[in-house]
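# This is the structure alone, sequence omitted:
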């Protein structure tokens, strides 16, 4: 999921349950209407290719390295805003259909997720 600075959903994609979300990050970034100043992610999104893509689009990555990797520049003041995405997911999971994923097909679950994100956007 991509959220704006106010913690509202902008774009999301559904990954299979047993697959990592990292391959979906670049297509999501490419779908943004404008280039963000910062792209913030957690350690799960540590990837040289993703960092290079973020730099090439004109943004700055704020993704900390894995513990076994060399340190990279990741300012704490911008990384601390990552909790806005976590809080967004918490608000969306207040919807029972989102939290339990009652919808069995990806298409119908995406519809429920869009509906919940739209209503959350209006509430904020």
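Great, that's in hand. Computed from a predicted model, the values in this text were never measured in an experiment.

# And the helix or strand bottoming out on mean pLDDT in the chain, how far out from the chain middle?
Ranked by mean pLDDT, DSSP states H and E, the weakest helix or strand in the chain is helix 76-79, scoring a mean of 78. With C-alpha atoms, centre = their mean, to the nearest Å as the basis, helix 76-79 stands 16 Å off its chain's centre.

# swap in stretch 6-13?
Its chain's C-alpha centre and that of stretch 6-13 lie 7 Å apart, by C-alpha atoms, centre = their mean.

# try stretch 25-44
On C-alpha atoms, centre = their mean, the centre of stretch 25-44 falls 8 Å from the chain's centre.

# Quick one: end-to-end length of that stretch, please.
Terminal residues of stretch 25-44 lie 11 Å apart, using C-alpha to C-alpha, to the nearest Å.

# For stretch 87-99, buried residues please.
Neighbour-count burial for stretch 87-99 flags 88, 91, 92, 95, 97, 98 (criterion: 16 or more other C-beta atoms under 10 Å). Glycine gets a C-beta too; all of them are placed from N, C-alpha and C.

# Switch the residues you listed over to a markdown table; also include secondary structure and distance to residue 77.
Below are the buried residues of stretch 87-99 laid out as a markdown table (DSSP: H, G, I helix; E, B strand; the rest coil; distance: C-beta to C-beta, whole Å):
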| residue | secondary structure | distance to residue 77 |
| --- | --- | --- |
| 88 | helix | 20 |
| 91 | helix | 24 |
| 92 | helix | 26 |
| 95 | coil | 32 |
| 97 | helix | 36 |
| 98 | helix | 31 |
